[in-house]
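Novice: Structure for this input, please:
(one chain, ligands or ions: 1)
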Amino acid sequence: MPRYLLPTLLLALTMGTGSNALQAQMNPAPAHPELRAVFDDFGGREGIAALMEDTMTRLLADPRTRPFFEFADHIEVERHLTDQVCVILGGDCVYDGRTMLESHESLDIRTADFNALVEILQDAMQARGIAFSSQNALLAKLAPLHREIVTR
Ligand code: HEM
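Specialist: Below is the predicted model of the structure:
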């Protein structure tokens, strides 16, 4: 399957998800054993932090995403992304950043920009040797955030 189809497919599958489901993702109940395996596959919070550092390097190198990130506080965004993904995967972390709506509403992000970020994240996960099934488990949980991040 062409790689750009995956984010689109995930979006289509999750468009119907209500905001309660979104809340549940940001504040999950104690990790399900299957989610725990995914979390471990990412290398726990440390592995997620390394993944986000590489992802940020790639986001700054890619002409599609650089304009969004070049003037942002990279260290702060990286830390918040790490905690957010850690929480989403059931890890014992605390996300103390802004909501997805608050942090993205002034950025004028299109679906194509969202898909570019997902593609770059996929490359970074692949480079770290994270199992494809675990990559997809995270992407499936990020896809519903599209509704708060894409504003046009
Ligand atoms: C599933 C997708 C995404 C997730 C999980 C995500 C997550 C986050 C998080 C946690 C922050 C930090 C919020 C804070 O510091 O309070 C952030 C900030 C930011 N995000 Fe995203 N984001 C996503 C998609 C995107 C996309 C598609 C773009 C643009 C192409 C983008 C551009 C930015 C920028 C520029 C900031 C910094 C904003 C600022 O400092 O004011 N994000 N994002």
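Novice: Let me see the contact set for the closest residue to residue 127 other than its chain neighbours.
Specialist: Leaving out its chain neighbours, the residue that sits closest to residue 127 by Cβ to Cβ, 6 or more residues apart in numbering is residue 54, at 6.7 Å. C-betas here are computed from N, CA, C, even on glycine. By Cβ atoms under 8 Å, 6 or more residues apart in numbering, the contact list for residue 54 reads 124, 127-128.
Novice: Can you classify residue 54 by secondary structure?
Specialist: When classified by DSSP: H, G, I helix; E, B strand; the rest coil, residue 54 comes out as helix.
Novice: If you count neighbours, what's buried in stretch 88-107?
Specialist: Buried residues in stretch 88-107, counting neighbours by 16 or more other Cβ atoms under 10 Å, are found at 88-91, 93, 95, 100, 104.
Novice: ok, which of the contacts of residue 54 also contact the ligand?
Specialist: By Cβ under 6 Å from any ligand atom, no member of the contacts of residue 54 lies near the ligand.
Novice: Just the buried ones among those residues, please.
Specialist: 124, 128.
Novice: Go through the contacts of residue 54 and name the one nearest residue 44.
Specialist: Lowest distance from residue 44 to those (Cβ to Cβ) belongs to residue 128, with 12.7 Å.
Novice: Pull the number of nearby residues for the nearest residue to the closest one once chain neighbours are set aside.
Specialist: In space, and not counting its chain neighbours, residue 128 is closest to residue 51: 5.7 Å by Cβ to Cβ, 6+ apart. The number of residues packed near residue 51 is 23, by other Cβ atoms under 10 Å.
Novice: Past the worst-scoring helix or strand of the chain on mean pLDDT, which element shows up next along the chain?
Specialist: Least confident element among the helices and strands of the chain, by mean pLDDT, DSSP states H and E: helix 19-26 (a mean of 50). Per DSSP states H and E, the first helix or strand lying C-terminal to helix 19-26 is helix 33-41.
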